[in-house]
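A.B. asks: Have a look; sequence and predicted model below, questions after that.
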Amino acid sequence: MSYTINEDGTVTRRPPKNSKWWLLLIAIVSSIFILLFVFWGSNKNEFFQKRSLNLHGSIGAYPITMNIDIIGSEVKGSYYYNKHLEKLYLSGDYNDGAINMDETTIEGKHTGHFNGWLFDDKFSGEFVNSKGKKYSFYLTE
């Protein structure tokens with residue numbers, strides 16, 4: 001604060017010219033810390049951990065190998081049929097053990113969908129191909 005002596009001898013306090021900027025800066029920094037504290041405290045397991053799985057098993061009678069990464073609620077990866085070795089790409093979501101993933105070719109053509117559950121290191125459920133045919137799948141690490 002600075003002070004001004006008026007003509008009548010009284011003293012007047014006046015705030016510094018840039019005090020509004022300091023207040024704004026303090027408010028922004030405080031808000032960031034509060035958001036980080038709340039976010040980190042409540043969601044750190046969900047949003048900051050990465051889990052990579054190398055799974056082997058089958059879709060129906062067809063042996064496959066699948067690699068997926070779970071980062072928060074997002075799942076990405078790929079798999080291939082052991083007989084053909086042509087990679088198919090996976091993307092989807094993870095929610096408390098439930099995994100839903102779309103299968104696409106390298107060109108981006110949708111070719112199937114996985115709907116299953118991950119428990120420990122086992123992933124099982126139903127696969128539906130692009131023609132609508134359903135298969136059970138079971139994979140383990």
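C.D. replies: Nice, I can see it.

A.B. asks: So, low pLDDT: which residues of this structure?
C.D. replies: 1-3, 14-19, 21-22, 37-48 (pLDDT under 70).

A.B. asks: Give me the number of neighbouring residues for G72.
C.D. replies: G72 is flanked by 15 other residues according to other Cβ atoms under 10 Å. For glycine as for every other residue, the C-beta is placed from the backbone atoms N, C-alpha and C.

A.B. asks: for the one 5 residues further on, same thing?
C.D. replies: Taking other Cβ under 10 Å as the criterion, the count of residues near G77 is 19.

A.B. asks: ok, the residue nearest to it when sequence neighbours are not counted - contacts?
C.D. replies: Nearest non-adjacent residue to G77, counting by Cβ to Cβ, 6 or more residues apart in numbering: I68, 3.3 Å away. With contact taken as Cβ atoms under 8 Å, 6 or more residues apart in numbering, I68 is in contact with 52-53, 55, 75-77, 90, 99, 101.

A.B. asks: Any of those residues buried? List them.
C.D. replies: Buried members of these, counted by 16 or more other Cβ atoms under 10 Å: 53, 55, 75, 77, 90, 99, 101.

A.B. asks: Go through the contacts of I68 and flag which are in strands.
C.D. replies: In strands, defined here by DSSP state E, the members of the contacts of I68 are 52-53, 55, 75-77, 90, 99, 101.

A.B. asks: Near A27, how many other residues are there?
C.D. replies: Neighbour tally, A27, other Cβ under 10 Å: 10.

A.B. asks: Make sure it is indeed in a helix.
C.D. replies: Yes. Looking at A27 with DSSP: H, G, I helix; E, B strand; the rest coil, it is inside a helix.

A.B. asks: returning to that earlier point: what is the nearest of the buried ones among the contacts of I68 to A27?
C.D. replies: V75 (38.0 Å; Cβ to Cβ).

A.B. asks: Adjacent strands (with direction) for the helix or strand encompassing F114?
C.D. replies: Using DSSP states H and E, the element containing F114 is strand 110-119. Here strand 110-119 is paired, per DSSP bridges, with strand 98-104 (antiparallel), strand 122-129 (antiparallel).
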